[in-house]
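# build me a model from this:
(one chain, ligands or ions: 1)
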Amino acid sequence: MTSFSTDWLSLRESADHRSRNPVLQEQVLRYLEKISNLKNGPIHIVDLGSGTGSNLRALAPLIHHNQNWTLIDYDPLLLTAAREKICIWADYITDKAHNKDHDNDVTRPVTLVKNNYEITVQFLQKDLASNLQSKLFESADLITAAAFFDLIALDWLVQFCSVLKTSIYTVLTYNGEETWLPSDPRDTEILEAFHHHQGSDKGFGNALGPLAFKTMEQLLKKEGFHVETGSSPWILNPNDASLIQELAAGTAKAVVETHLVSHEIAKQWGEQRSKSQHCEIGHDDLFAIYKKNSI
Ligand SMILES: C[S@@+](CC[C@H](N)C(=O)[O-])C[C@H]1O[C@@H](n2cnc3c(N)ncnc32)[C@H](O)[C@@H]1O
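Modelled structure (predicted):
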């Protein structure tokens, strides 16, 4: 199991939010607007690999309708942190979802109000690698995921796309493109080794890493989805110094694990890059509308 720390997810949250492709996001919002006009109840969104709920905090305030969210992650600590962060982020908690039987459950559902809309959030601890049933998604109006699909292996993705009967919006899938300035002669070697690491098993079998996005786009098109895409690079400047430092350190650590780069080179590169003034990390967003949904 690959684990992600709450500190890392918090550190990246503001860069993630500002990098989301705005044109695609607008299309998703228009789509949800049409859905909400057709149904009486709240819109239901299922977020895969939710971590601490960053994707909800980015998207939910833009939706002018009541919402039910189901956050799915296999890491109970991240789901606990998600509940805490969402409660702090809310304008207020209405506690409609309160159930005395679950008072001690740190991931019990919560109902809150944000921007005058009611949002109920459920937290589901599931290993998606071994729980790929369409049942998990069947009541959803939209599936979402942020920074998740590059962890996935081909077999899982093929199966996922074939059982998917709901529109899906994924953001911030790593696409392998990186620019660090000023350039460094070790960049190419480090990036190749990093891609190798991205392809290692993250719990689903060998991960697609930078190939995940294009593969997913093709598979969904083959399944008849109408697919739109847009880029969402992190563009990091001195204001993002802490994120740049963590990114440089994380990359240096990952490439050492591949044994393709010596410890010394990785260390030097990491130290140099932690002082980088500008860095761009390529990501892509995707919105795929399920064909049987005539909206
Ligand atoms: C890069 S983090 C992104 C988290 C969150 N979506 C965000 O944008 O901050 C990837 C997330 O996927 C979750 N994850 C990885 N493998 C998983 C699996 N097999 N089942 C469920 N969640 C998984 C991790 O626990 C982590 O929260």
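# contacts only, for Ser274.
The neighbourhood of Ser274, defined by CB atoms under 8 Å, 6 or more residues apart in numbering, consists of Ile244, Gln245, Ala248, Ala249. C-beta: built from backbone N, CA, C; applies to glycine.
# swap that for Phe137, please
The contact partners of Phe137, taken as CB under 8 Å, 6+ apart, are Val46, Ile143, Leu164, Lys165, Thr166.
# what's the burial count for the fourth one?
When counting by other CB atoms under 10 Å, one arrives at 15 neighbours for Lys165.
# could you see whether the ligand lies near the helix or strand hosting Ala288?
Taking DSSP states H and E as the criterion, Ala288 maps to strand 278-289. No. Shown here: strand 278-289 not in contact with the ligand (CB under 6 Å from any ligand atom), separated by at least 10.8 Å.
# that strand packs against which elements?
When contacts are defined as 3 or more CB pairs under 8 Å, 6 or more residues apart in numbering; DSSP states H and E, strand 278-289 sits against helix 22-38, strand 168-181, helix 212-222, strand 226-231, strand 234-236, helix 241-258.
# phi, psi for the closest residue to Asp184 other than its chain neighbours please.
Once flanking residues are discounted, Asp184 sits nearest to Gln272: 6.2 Å by CB to CB, 6 or more residues apart in numbering. Gln272 has phi and psi values of phi -60, psi -50 when expressed as degrees, to the nearest 10.
# from Ser167, how far off is Gln272?
43 Å (CB to CB, to the nearest Å).
# and those two? which has more neighbours close in?
Ser167 (23 against 15).
# the more buried one reaches Lys34, doesn't it?
No. Assessed by CB atoms under 8 Å, Ser167 is found out of contact with Lys34, at 11.0 Å.
# hmm, Gly282 and Gly176 touching each other?
Yes. Counting by CB under 8 Å, Gly176 does reach Gly282; the two are 6.5 Å apart.
# tell me which residues in the strand holding Ala288 are buried?
Cys279, Ile281, Gly282, His283, Asp284, Asp285, Leu286, Phe287, Ala288, Ile289 (16 or more other CB atoms under 10 Å).
# out of the residues you listed, which is nearest to the ligand?
Relative to the ligand, the closest of the buried residues of strand 278-289 is His283; by CB to the nearest ligand atom it sits at 10.8 Å.
# quick one: contacts for the closest one?
With contacts defined as CB under 8 Å, 6+ apart, His283 is in contact with Ser19, Ala147, Val171, Leu172, Thr173, Tyr174, Asn175, Ser231, Ser232, Pro233, Trp234.
# just curious, which of those is nearest to the ligand?
Nearest to the ligand among the contacts of His283, counting by CB to the nearest ligand atom, is Ala147 at 4.0 Å.
# how about the backbone phi and psi for the closest one?
Dihedral angles (degrees, to the nearest 10) for Ala147: phi 50, psi 40.
# report how many residues lie close to it.
Neighbours of Ala147 under the rule other CB under 10 Å: 20.
# nearest residue to it other than its sequence neighbours?
Closest to Ala147 by CB to CB, 6+ apart is Leu172, at 4.5 Å.
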